[in-house]
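K.L.:
Pasting the sequence and the predicted model now:
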Amino acid sequence: MTDDFDPRFTVKTKHWRKLPDGRVQCDICPRECKLRDGQRGFCFVRAAQGGEILLTTYGRSSGFCIDPIEKKPLNHFLPGTPILSFGTAGCNLGCRFCQNWDISKSREVHTLTDQASPDVIAHAAEQLGCRSVAFTYNDPVIFHEYAIDVAKACRARGIKTVAVTAGYQCADARREFYQYMDAANVDLKGFTEEFYQRVCIAKLDPVLETLKYLKHETDVWFEITTLIIPTKNDSDDELKRMTEWVVRELGPDVPMHFSAFHPDFKMLDLPPTPEQTLRRAREIAMQQGVRYAYTGNVHDAQGDTTFCHACNEPLIVRDWYNLDRWNLQAGKCAKCNTPVAGVFEDQPGNWGARRQPVRLADFAA
């Protein structure tokens, strides 16, 4: 991209304010970038022009792909179904361990290889048999207007939308955004202010506020993911405090995913997360009262399986992203009839572990 914003992909936004010194402040996230004309924010895709903030990547994507919904990860939202996934470029966090850094840290136009209007995305999802569309690979907070318009188009066709996000939003933007989302996976990257400031160049409290907002003020189904990084956020004390907070503030029914780190981007000096660390994190969560705790990025039959919290019956047995056993009836344990938190249908989908790239140009009118 250049600083000559392409008008074909540029739209006006409303979450900003003028400052006395002539700059404009972006109010999409707590970073509150203060910009003069021609300057871009930390995320790179929101910029100042003509005394207001513009989104400069509306309608552009780094590519579209059909994924299993469990890859988001969501284990309690329409299990087994395919989800049309896409992202754009840029990010409003600066995570040193970013595992999608080629997209989220992109400053080049060549990463945005696909173009699609909201209606084309919704139409493609319908024609491809996808039950939902995911805003993922980079954070939809920064392409707020595009994500909302896609969600509106999807809702008109009965397609659900899923936000995969770090939850780093301002209150007004958050309120508008989640009016249109059906589900979310929120990255709770750690549970100390020091970790967020030093490793993510962000703050913890706004993420906690997003999680509380989702639980207490919306009907959005959401799950939480924490990437466990050796020596950075993997201590028993931190995991205990995090999971205690989740149960106390959000309740025991919010699923938590503990995923394995692998060296990437600016954090190449640490080893991959040992499998036993993920299992320990899962055990700590369950000891604190989390009813649905999972391990990710490793092959762990126990950590992949959904168990009834009342009788411990295996309800959804997974092998990576494949569903091997389904023991739910009307969203309840088939053995003891205890309800299972989530959004379930009578039968699961059968998409499996496939990952299928698609060209949205094939669906344009």
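P.N.:
It's in.
K.L.:
remind me, longest helix of this structure?
P.N.:
helix 236-250 (DSSP state H).
K.L.:
What residues sit buried inside that one?
P.N.:
238-240, 242-244, 246-247, 250 (16 or more other C-beta atoms under 10 Å). For the C-beta atoms, the positions are set from N, CA and C on the backbone; glycine is no exception.
K.L.:
For Asp319, give me its contacts.
P.N.:
Taking C-beta atoms under 8 Å, 6 or more residues apart in numbering, we find Asp319 in contact with 301, 304.
K.L.:
Kindly recompute the last result at 10 Å.
P.N.:
Counting by C-beta atoms under 10 Å, 6 or more residues apart in numbering, Asp319 makes contact with 299, 301, 304-305, 325, 352-353.
K.L.:
of those, closest to Leu211?
P.N.:
Nearest to Leu211 among the contacts of Asp319 is Asp304, at 23.6 Å by C-beta to C-beta.
K.L.:
The closest one touches Tyr294, doesn't it?
P.N.:
Yes: counting by C-beta atoms under 10 Å, Asp304 does reach Tyr294; the two are 6.6 Å apart.
K.L.:
Show me which of these two is the more surrounded one.
P.N.:
Tyr294 (26 against 22; other C-beta atoms under 10 Å).
K.L.:
The more buried one - that's part of a helix, no?
P.N.:
No: the assignment for Tyr294, made by DSSP: H, G, I helix; E, B strand; the rest coil, is strand rather than a helix.
K.L.:
and it, what are its bridge partners?
P.N.:
Beta bridges link Tyr294 to His257, judged by DSSP bridges.
K.L.:
I'd like to know how far Lys72 sits from Ala184.
P.N.:
From Lys72 across to Ala184, the span is 9 Å (C-beta to C-beta, to the nearest Å).
K.L.:
swap in Cys308?
P.N.:
In terms of C-beta to C-beta, Cys308 sits 24 Å off from Ala184.
K.L.:
Please identify which of those two sits among more neighbours.
P.N.:
Between Cys308 and Ala184, Ala184 has the larger neighbour count (other C-beta under 10 Å), namely 28 against 21.
K.L.:
wait, is the more buried one part of a strand?
P.N.:
Yes: per three-state DSSP, Ala184 lies within a strand segment.
K.L.:
and it, how far is that from Val141?
P.N.:
Ala184 is 11 Å from Val141, by C-beta to C-beta.
K.L.:
what residues do those two have in common as contacts?
P.N.:
Counting by C-beta under 10 Å, 6+ apart, the shared contacts of Ala184 and Val141 are 135, 163, 165, 167, 177, 210.
K.L.:
The fifth one: what's it in contact with?
P.N.:
This means Phe177. 15, 28, 135, 140-141, 144-145, 147-148, 151, 163, 165, 169, 184, 210, 220.
K.L.:
Which of those fall within strands?
P.N.:
The members of the contacts of Phe177 that map onto strands under DSSP state E are 135, 163, 165, 184.
K.L.:
Please tell me I have it right and the first one contacts Asp149.
P.N.:
Okay, so that is Phe135. No: the criterion here is C-beta under 10 Å, and Phe135 misses it with Asp149 at 11.4 Å.
K.L.:
Compare these two (neighbour count), which wins?
P.N.:
Neighbour tally, Phe135 and Asp149, criterion other C-beta under 10 Å: the higher count belongs to Phe135, 27 against 20.
K.L.:
give me the low-pLDDT residue ranges for the stretch 51-200 of the chain?
P.N.:
100-113 (pLDDT under 70).
K.L.:
which residues in it form helices?
P.N.:
Shown for the stretch 51-200 of the chain, the helices assigned by DSSP state H, counting those that start in this stretch span residues 101-104, 118-127, 144-156, 171-177, 193-195.
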